[in-house]
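In: Just to be clear, the model below is a prediction. Sequence and coordinates:
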Amino acid sequence: MSRLRTWFLQGIALLAPLFITLLFLVWLGRSVETYMGGLLRVLIPDGWYVPGMGLVAGALLTLAAGLLANLFLVRWLLKIAENILDRIPLVKTIFQGLKDVSKFFTSNGDGEIGRPVAIDIEGLRMVGFVMQERARLPGVESESEQVAVYLPMSYQLGGFTLYLDRDRIMPLDTDAEQAMRAVLTGGALGERKRSRRAP
């Protein structure tokens, strides 16, 4: 019975992430197909719609948005729209929060946002992500240059933003995705690599 229980738990550990991921992809695909398919049925003649066209249209629309985001005129128009949203109190908070999260997760870890680092707090080493290379806490004067580091908690329960002196952080020799996965799941960073202190 003990061995059967172990095998059963191992099976859950093996199948659960795959099953949940597939469920999410199916839900996402069906949602895109439903909304985009409904729009296409209005735009194209009756009888032309084929199941799956909504999903393809959604993927093409996303790709086109990514391409257009690199055009100067589109960036200028988006900047105007952001300035308008920034003047609406509640909308500003939600929009900026979602924008920051989006930048964080689309970063490849090489830029200024989302760079994985380690910090030492009274002998406890924690993994964080640089959100601002040159940060300034409003109303607080600091003689040294500070860095804003976000410390996520395991299992996405929350996190903390710390404003630290630059010499308090140590860059990690890993990418942001691997570091985030390790933090959120409470796991290890994988192969142990030596950290070096920031200059």
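Out: Thanks, I have the structure now.
In: May I ask which helix or strand of this protein has the lowest mean pLDDT?
Out: helix 89-106 (a mean of 69; mean pLDDT, DSSP states H and E).
In: Which positions within whichever helix or strand comes after that one qualify as buried?
Out: For helix 89-106, the following helix or strand on the C-terminal side (DSSP states H and E) is strand 115-121. Going by neighbour count (16 or more other C-beta atoms under 10 Å), the buried part of strand 115-121 is 115-119. Placement of C-beta: from N, CA and C, glycine included.
In: Same question for stretch 53-70.
Out: For stretch 53-70, the neighbour count (16+ other C-beta under 10 Å) marks 53-55, 57-58 as buried.
In: tell me the mean pLDDT over that stretch?
Out: For stretch 53-70, the mean pLDDT works out to 84.
In: and if you look at stretch 24-41?
Out: pLDDT averaged over stretch 24-41 gives 88.
In: between the longest strand along the chain and strand 115-121, how big is the angle?
Out: The residue-count maximum for a strand in the chain (DSSP state E) belongs to strand 124-135. Strand 124-135 runs at 120 degrees relative to strand 115-121, counting by axes from the mean of the first three to the mean of the last three C-alpha atoms, to 10 degrees.
In: Would you work out how far apart the start and end of stretch 162-179 are?
Out: Start to finish, the residues bounding stretch 162-179 are 18 Å apart (C-alpha to C-alpha, to the nearest Å).
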